[in-house]
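Trainee: with the input below, show me the fold.
(one chain, ligands or ions: 1)
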Amino acid sequence: MVLTHYTKNHGEEAREGEKLSHESQELLLSLPKEKGWRTPYLYKYQGFWCQPMEIQATVSFQKHFLACDTDVVLATIPKSGTTWLKALAFAIVNRKRFPISNNHPLLSYNPHDLVPFFEYKLYANEQLPDLSNLPQPRLFGTHVPFASLANPIKKSSSRVVYLCRNPFDTFVSSWHYINKIIPKTQAPMLIEEAFEMYCKGIVGFGPFWDHMLGYWKESIERPHKVLFLKYEDMKEDVSFHLKKLADFLGFPFSLEEERAGCVEKIAKLCSFENLKELEVNKAGKSIKNFENKNLFRKAEVGDWVNYLSPRMAEQLTNVMEEKLGGSGLSFKVIP
Ligand code: PAP
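Mentor: So this is what the prediction gives:
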């Protein structure tokens, strides 16, 4: 099996200020900043909060990426089910090349290695990748908001899939993740502190409401361009949404495939329970050299009730009402 070079090229994460080009450092000086969750600061670039290395990579992605009409971009705000969406899309579009079997790539590679992020992998650390020889359709991942995607993506016939998760569970998932990856020498981040920042929109690639609304509006105006999926709906009926995703990507399941149980086989392969137990996801490292095991925690709808007080729940409900009310976007927050 031939996988592309980026699967082996796990970039070391640079500390803030390190490995930043002179141009990026100049840019940072001009941007508003706030205390970060994990890094000293988050900077507001093109309306969203971001770490320095991510800004540098995003600028490069915006400048250099050339789209193909067959490209597929999988977009999320962190902790919304990115890993799951990448696994599903990879399995769907590659099912002729990689039928479901004991040596399927998803059994030995983390989904983030098979569907690389623009900002964490391809354009990280001033790399300029040659993506012209990747098999089509090329699959990419991103946390960048719709408005800040490289223009060729917006102008071409390439497709974008956005997976959205309710902010309650997304927040709790983000808070757990941060405390798993911050250096042992650093004090854990208190949930109250993280929560206040989240409600003010200060979170990686946030404010979450702008991130969601950007893709939501585009999916309404150009439904052939952007498919908007919800994590909670997918948990409720994965087969239905898997077929919807396959249709949107231009890889619909034939009747024979459906009869042969192909949809269910892909759903099972990509399930939390299956991926979590794989050796590569227990011991490997993918994005920025972070441990894969931290990408698999509980995968439940409504786990937030175990962490947020009634006061916090009310506060977040109010923020959502204020920022998302009237948009038509709503969430299931309890299973
Ligand atoms: P990322 O943004 O860093 O890539 P992402 O995959 O979006 O992370 O989010 C991780 C969440 O998705 C975790 O949620 P939790 O903290 O509430 O448990 C993780 O458990 C969940 N997750 C990972 N893989 C799957 C999967 N195959 N199906 C459903 N949920 C999953």
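Trainee: burial count for residue 110?
Mentor: 23 (other Cβ atoms under 10 Å). Placement of C-beta: from N, CA and C, glycine included.
Trainee: wait, doesn't it sit right on residue 292?
Mentor: Yes. Using Cβ atoms under 8 Å, residue 110 is in contact with residue 292, at 4.8 Å.
Trainee: who touches both of the two?
Mentor: For the pair residue 110 and residue 292, residues contacting each of them under the criterion Cβ atoms under 8 Å, 6 or more residues apart in numbering are 280-281, 284, 286.
Trainee: which of those fall in helices?
Mentor: In helices, defined here by DSSP state H, the members of these are 280-281.
Trainee: now the shared contacts of residue 110 and residue 292: which count as buried?
Mentor: Among the shared contacts of residue 110 and residue 292, those classed as buried by 16 or more other Cβ atoms under 10 Å are 280-281, 284, 286.
Trainee: give me the below-cutoff pLDDT ranges for the stretch 101-250 of the chain.
Mentor: Filtered on pLDDT under 70, the stretch 101-250 of the chain yields no residues whatsoever.
Trainee: where's residue 221 relative to residue 156, distance?
Mentor: For residue 221, the distance to residue 156 (Cβ to Cβ, to the nearest Å) stands at 16 Å.
Trainee: cool, residue 297 as well?
Mentor: Residue 297 sits at a distance of 36 Å from residue 156 (criterion: Cβ to Cβ).
Trainee: next one: residue 126
Mentor: When residue 126 is compared with residue 156 (using Cβ to Cβ), they lie 25 Å apart.
Trainee: ok, how many other residues are close to residue 134?
Mentor: Residue 134, neighbours per other Cβ under 10 Å, totals 17.
Trainee: likewise residue 47?
Mentor: Residues within reach of residue 47, counting by other Cβ under 10 Å, total 14.
Trainee: that one: what's it in contact with?
Mentor: Neighbours of residue 47 in contact, by Cβ under 8 Å, 6+ apart: 145, 147-148, 210.
Trainee: how about residue 114: what's its closest non-neighbour residue?
Mentor: Using Cβ to Cβ, 6 or more residues apart in numbering and skipping the chain neighbours, the partner closest in space to residue 114 is residue 90 (4.9 Å).
Trainee: what helix or strand does that neighbour sit in?
Mentor: Taking DSSP states H and E as the criterion, residue 90 maps to helix 82-93.
Trainee: pLDDT at residue 335, what is it?
Mentor: pLDDT, the model's per-residue confidence, is 75 for residue 335.
Trainee: typed the wrong thing, it's residue 269
Mentor: pLDDT recorded at residue 269 is 98.
Trainee: ok so, going back, quick one: buried residues of the next helix or strand after the helix holding residue 90?
Mentor: Reading on from helix 82-93 to the C-terminus, the next helix or strand found by DSSP H and E is helix 105-108. By neighbour count on 16+ other Cβ under 10 Å, the buried set for helix 105-108 is 105-107.
Trainee: stretch 212-226 too?
Mentor: Residues of stretch 212-226 classed as buried by neighbour count (16+ other Cβ under 10 Å): 212-219, 225-226.
Trainee: nearest to residue 73 among these?
Mentor: residue 226 (9.3 Å; Cβ to Cβ).
Trainee: distance of that closest one from the ligand?
Mentor: The span separating residue 226 from the ligand equals 18 Å under the rule Cβ to the nearest ligand atom, to the nearest Å.
Trainee: switch to numbering from 42
Mentor: Taking 42 as the first residue, the last one we looked at is residue 267.
Trainee: what backbone torsions are found at that residue?
Mentor: Note on residue 267: its backbone torsions stand at phi -120, psi 120 [degrees, to the nearest 10].
Trainee: who touches it in this structure?
Mentor: Taking Cβ under 8 Å, 6+ apart, we find residue 267 in contact with 187, 200-203, 256, 259-260.
Trainee: looking at those, which is nearest the ligand?
Mentor: Closest approach between the contacts of residue 267 and the ligand, by Cβ to the nearest ligand atom: residue 203, at 12.0 Å.
Trainee: thought that closest one was touching residue 269?
Mentor: Yes. Between residue 203 and residue 269 there is a contact under Cβ under 8 Å: 5.1 Å.
Trainee: what residues does the stretch 192-341 of the chain have near the ligand?
Mentor: For the stretch 192-341 of the chain, the residues in contact with the ligand (Cβ under 6 Å from any ligand atom) are 210, 214, 217, 311-313, 316, 336-340.
Trainee: among those, which are in helices?
Mentor: Among these, the members found in helices (DSSP H) are 210, 214, 217, 313, 316.
Trainee: could you measure from the spatially closest residue to the first one that is not a sequence neighbour over to the ligand?
Mentor: Leaving out its chain neighbours, the residue that sits closest to residue 210 by Cβ to Cβ, 6+ apart is residue 345, at 5.2 Å. Counting by Cβ to the nearest ligand atom, the separation of residue 345 from the ligand is 9 Å.
Trainee: repeat for residue 287
Mentor: Separation of residue 287 from the ligand (Cβ to the nearest ligand atom): 17 Å.
Trainee: shouldn't that residue be within a helix?
Mentor: Yes. Looking at residue 287 with DSSP: H, G, I helix; E, B strand; the rest coil, it is inside a helix.
Trainee: nearest residue to it in space, please, no chain neighbours.
Mentor: The spatial neighbour of residue 287 that comes closest, neighbours along the chain excluded (Cβ to Cβ, 6+ apart), is residue 133 at 4.9 Å.
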